[in-house]
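Chemist: need a structure here:
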Amino acid sequence: MLKTATFQIQTVKTPADNELFLDVPKLIYAGDPHWVQPLRSSIAKNFAPDNPFLQYGKLQQFIALSTGDRPQAIGRIVAAVNNRLIERENQNVGVFGFFECVEDFEVAQALLNAACQWLKEQGMTVARGPIDLSTHNNCLLLIDGFDSEPIMMMPYNPPYYPKFMDKDGWQKAKDAYAYKFGLKQDFPGEFERGYRIASKSGVTFRPMRLKGKEFEEDCIKLYHLFNRAFVNNWSSSPRTEAEFLAEAKELQSIVDPDIFPIAECDGEMVGFFMAIPDYNVPLKQVNGKLDWLGILKLLWYRRKIDRVRVIAFCSLPEYRRKMVPLAVVHLGLQGANKQNKRYEWAELSWVYEDNDASRKLIEAGGAKIYKTYRIYEKAL
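Modeler: Okay, here's the model as predicted:
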């Protein structure tokens, strides 16, 4: 691998290498008041032998190490081939993700080159990222809106990352936005009218169920609805039902059913509004570890959660004329404003720049763009 007078790039081969890989963000974000350290275990599981991704893809981790008597990990990146994405797009597109780097362009360029070279050796003709294996995981690079901490499951990075990408010749593939809107306000009457119209047309509404078999039944229905409603999402690769259920169970304990209404018609799930409390508020106090002290901190600081992230809302196409999208938004906002709730504002993220239908509905409610993200591409 590459070696210079000040650093070297090498593949991750041993458990010790992997520990260095996982340690990189602590160096990059030391002293950054907005960074929220993700749970170390949630990152490590991506590289475990039992990761379902390895059944249909492959990956390679790289780290940058400083030279000298005490080598230090100063950067990292992962290159990956997601065969489901290749089948979906009918082109040999590889991805890079988990990118972190000190403010040194030569190190960043060397890491990006290592990832691209590996992808090229696998027969890829296009590199795209940052995408952590798939867009169902962490993806996107923050390019505007560095003045606040990220909402749960949204990326955050130093302002110099996009400058490095531009300097290395990467091109914009697509931008995405995060919208912010206050919850303690009067919302346009169209949303409530949409709810009345949907109800009169035979659509019924209820909260997401969170216990036992009922939770699993709702998740299976959500899985099939996701597959129908978001089948054409850009750069998205399909998940199995087992993968979807595993991801859902990780979030089960933090779901607030008041902000997760579901629409049904004749027993079929036809729409939903999916929002979760921003657990980044307590996670910021945990420092990446849920040991006994971390759990106590999580339980204590979760009482201070005052915001939510709206991940998605949708309905099947044939129910849009019955105003189901407006109805589930109305119910989600109504739930967030119940008397016992502390929610002050919400982020709706992410929304691709060319998703005109969703953007129109979001902006009709008074939401404003406050963060911009980007996915890049480069021909190999």
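Chemist: and the strand or helix carrying residue 373, which strands flank it?
Modeler: Residue 373 is part of strand 368-379 when elements are defined by DSSP states H and E. Neighbouring strands of strand 368-379 in its sheet, by DSSP bridges, are strand 126-129 (antiparallel), strand 141-144 (antiparallel), strand 171-182 (antiparallel).
Chemist: Save these as JSON lines, and put in mean pLDDT too.
Modeler: Shown next, in JSON lines, are the strands paired with strand 368-379 (pLDDT from 0 to 100):
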{"stretch": "strand 126-129", "mean pLDDT": "96"}
{"stretch": "strand 141-144", "mean pLDDT": "98"}
{"stretch": "strand 171-182", "mean pLDDT": "96"}
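Chemist: Would you tell me which one of the ones you listed is buried the most?
Modeler: Per residue and on average, the most neighbours among those fall to strand 126-129, with a mean of 23 (mean count of other Cβ atoms under 10 Å). Every residue, glycine included, has its C-beta placed from N, CA and C.
Chemist: Pull that one out as PDB, backbone CA atoms only.
Modeler: Provided in PDB are the C-alpha atoms of strand 126-129 (Å, rounded to 0.1, in the frame of the first residue of the first chain):
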ATOM      1  CA  VAL A 126     -18.200   4.300 -11.200                       C
ATOM      2  CA  ALA A 127     -17.500   5.200  -7.500                       C
ATOM      3  CA  ARG A 128     -20.300   6.800  -5.500                       C
ATOM      4  CA  GLY A 129     -20.400   8.100  -1.900                       C
END
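Chemist: Now the spatially closest residue to residue 155 that is not a sequence neighbour, what are its backbone angles?
Modeler: Among residues not flanking residue 155 along the chain, residue 140 sits closest, at 5.2 Å (Cβ to Cβ, 6 or more residues apart in numbering). The phi/psi pair for residue 140 (degrees, to the nearest 10) reads phi 80, psi 150.
Chemist: What strand or helix carries the residue in the chain sticking out farthest from the centre?
Modeler: Relative to the mean C-alpha coordinate of the chain, counting by Cα atoms, centre = their mean, the farthest residue is residue 69 (38.2 Å). Here residue 69 sits in a region with no helix or strand, counting by DSSP H and E.
Chemist: Just give the strands next to the helix or strand encompassing residue 312 in its sheet, each with its orientation.
Modeler: Using DSSP H and E, residue 312 maps to strand 307-315. Strand 307-315 has the following strand partners under DSSP bridges: strand 268-277 (antiparallel), strand 345-352 (parallel).
Chemist: Can I get the helix or strand following it in PDB? Just the C-alpha atoms.
Modeler: Where DSSP H and E defines the elements, the next helix or strand beyond strand 307-315 is helix 324-336. C-alpha atoms of helix 324-336 as PDB (Å, rounded to 0.1, in the frame of the first residue of the first chain):
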ATOM      1  CA  VAL A 324     -53.800   9.900   2.900                       C
ATOM      2  CA  PRO A 325     -50.500  11.800   2.800                       C
ATOM      3  CA  LEU A 326     -52.100  14.900   4.300                       C
ATOM      4  CA  ALA A 327     -54.000  12.800   6.800                       C
ATOM      5  CA  VAL A 328     -51.000  11.000   8.300                       C
ATOM      6  CA  VAL A 329     -49.000  14.300   8.400                       C
ATOM      7  CA  HIS A 330     -51.900  15.900  10.300                       C
ATOM      8  CA  LEU A 331     -52.000  13.000  12.800                       C
ATOM      9  CA  GLY A 332     -48.300  13.000  13.300                       C
ATOM     10  CA  LEU A 333     -48.200  16.700  14.000                       C
ATOM     11  CA  GLN A 334     -51.200  16.300  16.300                       C
ATOM     12  CA  GLY A 335     -49.500  13.500  18.200                       C
ATOM     13  CA  ALA A 336     -46.300  15.600  18.700                       C
END
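Chemist: Nearest to residue 331 among the strands paired with strand 368-379 would be which one?
Modeler: Nearest to residue 331, of all these, is strand 171-182, at 16.0 Å by Cβ to Cβ.
Chemist: What lies in contact with that closest one?
Modeler: The contact list for strand 171-182 (Cβ atoms under 8 Å, 6 or more residues apart in numbering) reads 128, 140, 143, 145, 151, 154, 234-235, 344-354, 359, 362-363, 365-378.
Chemist: how about 7 Å then?
Modeler: Outside strand 171-182, the residues that touch it by Cβ atoms under 7 Å, 6 or more residues apart in numbering are 128, 140, 154, 234, 344-353, 362, 365-378.
Chemist: quick one, helices of this protein?
Modeler: Listed in chain order, the helices of the chain (DSSP state H) span 15-28, 40-44, 83-89, 105-121, 160-167, 189-200, 212-229, 241-251, 280-283, 292-301, 324-336, 356-364.
Chemist: Out of the ones you listed, which gets nearest to residue 73?
Modeler: helix 15-28 (4.1 Å).
Chemist: that older thread, of all the helices of the chain, which gets the most neighbours per residue?
Modeler: Of all these, helix 324-336 carries the top mean neighbour count, a mean of 24, counting by mean count of other Cβ under 10 Å.
Chemist: relative to strand 345-352, how tilted is that helix?
Modeler: Here the directions of helix 324-336 and strand 345-352 differ by 150 degrees (axes from the mean of the first three to the mean of the last three Cα atoms, to 10 degrees).
Chemist: Between helix 356-364 and helix 324-336, find me the angle.
Modeler: Using the same axes, to 10 degrees: helix 324-336 against helix 356-364 is 40 degrees.
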